[in-house]
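**Student:** Here's a sequence, model it:
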Amino acid sequence: MADQAWAKAVRTRDVATLEKMYTNDLVYGHSTGNVDSKQKYLDRLKTGKQRYDTMAFESTKVLLYGDSAMTHSFVRFTGVNDAGPFNDHLMLMHYWVKQSGTWRIAAHQTAKIK
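**Tutor:** As a prediction, the model looks like this:
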């Protein structure tokens, strides 16, 4: 599944894979309300300002719309960001688009689950 490949690349900070996986105009919305561009988000991963130790997917629903798709998941994330360590239960949405035969993430959004 594409979201599992994304999760592995983020956890291992595989910036080369993520560079190909994200569209150039990526909108990366965090559960904190912060929004990053592709370059800003990749820079945060490179420097360790954003680090994910675990991502446990509880469920994922995939909806296809021609050359685009939306994935909706519930995930437990642990790691470290600017505010310090986190252990969050989140709703995750990815908007995927097919560009030149390759699926890429155009938008990412998470929201905290109470």
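**Student:** for stretch 48-68, which positions count as buried?
**Tutor:** Of all the residues in stretch 48-68, those buried under the rule 16 or more other C-beta atoms under 10 Å are 50-52, 55, 60. C-betas here are computed from N, CA, C, even on glycine.
**Student:** Show me the residues you listed that map onto strands.
**Tutor:** Those of the buried residues of stretch 48-68 mapping onto strands are 51-52, 55, 60, per DSSP state E.
**Student:** among the buried residues of stretch 48-68, which one has the lowest pLDDT?
**Tutor:** Ranked by pLDDT, the buried residues of stretch 48-68 bottom out at Gln50 (91).
**Student:** Could I get the full set of strands for the chain?
**Tutor:** 22-29, 35-36, 51-65, 68-81, 84-99, 102-112.
**Student:** Quick one: mean pLDDT for the longest one?
**Tutor:** Translated: strand 84-99. 96.
**Student:** could we number from 24 for the rest of this?
**Tutor:** New numbering, starting at 24: the last item is strand 107-122.
**Student:** Tell me what angle it forms with strand 45-52.
**Tutor:** 140 degrees (axes from the mean of the first three to the mean of the last three C-alpha atoms, to 10 degrees).
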